[in-house]
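>>> Quick one, what's the 3D model for this:
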Amino acid sequence: MTNNLSESTRKQIESISIDTNLPLVISDADEVLLIFMERFEIFLNRQDYFFDWSSFKLTGNIYHKPDNHQLSQEEVFSLLDEFFEKETQSLDAVPGASEALDLLSSRAQIVILSNVPIAYRDERKRCLSDHGMNYPLIVNSGPKGPAVQALSVAVRAPVFFIDDSPNNLKSVANVADYVRRIHFIHDARLAKLVGPAPDSHHRTDSWVETRAAIEEELSAAGF
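Numbers count the residues shown, from 1 in each chain. Below is the predicted model:
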């Protein structure tokens with residue numbers, strides 16, 4: 001399925017070195033390593049918009065305060081691009097993320113797989129590095145299954161994928177079902193809107209839980 005990779009994602013993956021004998025942890029960024037929704041909601045409020053919190057998606061939940069206009073997908077994408085332009089480099093870290101990855105890095109390789117727009121890759125990299133998460137960053141677009149497969153297909157050790165999106169977890173399950181999938185959502189308000197992803201092996205809401213789940217499986221596998 002790796003032929004579904006964009007050329008940009010493929011080149012990024014080819015540029016990093018993966019040890020096929022070591023466990024691999026592939027982590028999303030927004031709402032897993034970095035606090036997205038809290039900052040995005042502040043950004044919306046400053047521009048006279050509000051987020052409705054009716055469902056686990058952006059399109060359909062953003063409204064213009066003065067006239068209660070529901071933003072279309074195109075309008076939401078435009079706002080998102082403006083948000084990423086202004087805020088990508090200064091997002092706060094999810095509590096415990098840096099410390100957990102640091103501890104896990106003694107037993108596994110770490111790769112960050114983010115769907116931030118490619119134009120803001122350098123800003124995302126700087127933000128993560130500023131928070132002590134200076135790991136290889138792959139910027140993807142669309143479903144993450146093909147990228148996870150390309151990163152992990154040759155690895156002869158446990159592989160873990162962490163993401164807040166049930167769709168991305170399903171995408172990985174469809175093409176790389178050997179990967180252990182963790183459904184992690186930092187923002188409690190988002191977490192209440194969606195149950196554990198059907199295609200996940202674990203549902204966690206903190207890095208204490210996430211690290212414990214990974215370490216338990218690593219120990220059971222002899223790593």
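>>> contacts, neighbours, all on C-alpha from now
OK.
>>> Against F77, how distant is the residue lying closest to H64 once chain neighbours are set aside?
Leaving aside its sequence neighbours, H64 sits nearest to Y49 (C-alpha to C-alpha, 6 or more residues apart in numbering; 4.4 Å). With distances taken as C-alpha to C-alpha, to the nearest Å, Y49 is found 14 Å from F77.
>>> and if you look at D187?
Applying C-alpha to C-alpha, the value for D187 to F77 is 21 Å.
>>> Poorly predicted segments of this protein, please.
Within the chain, the segments meeting pLDDT under 70 span 1-3.
>>> All the helices of it, in order from the start?
Assignment of helices within the chain using DSSP state H yields the ranges 7-14, 37-46, 73-87, 97-104, 121-130, 145-152, 166-175, 188-192, 207-220.
>>> How is this protein divided into domains?
Dividing the chain into domains by automatic domain parsing, as the record does, gives the ranges 2-35+93-220, 37-90.
>>> Dump these into TSV; add mean neighbour count as well.
Supplementary listing: the domains of the chain in TSV, determined by neighbours: other C-alpha atoms under 10 Å:
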stretch	mean neighbour count
domain 2-35+93-220	19
domain 37-90	15
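>>> I figured H186 hits V32, correct?
Yes. Here H186 reaches V32: they are 6.0 Å apart, a contact under C-alpha atoms under 8 Å.
>>> Overlap in contacts, these two.
V94 (C-alpha atoms under 8 Å, 6 or more residues apart in numbering).
>>> before we move on, the earlier item: the residue nearest to H64 touches Y63, doesn't it?
Yes. Using C-alpha under 8 Å, Y49 is in contact with Y63, at 5.4 Å.
>>> show me what contacts the residue positioned nearest the centre of the chain?
Centrality entry for the chain: nearest residue to the mean C-alpha point is D28, 2.0 Å, by C-alpha atoms, centre = their mean. By C-alpha under 8 Å, 6+ apart, D28 lies in contact with 112-114, 161-164.
>>> Now distance to S15 too, for these, in TSV please.
Converted to TSV, the contacts of D28 look like this (distance: C-alpha to C-alpha, whole Å):
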residue	distance to S15
I112	14
L113	14
S114	16
F161	20
I162	22
D163	23
D164	26
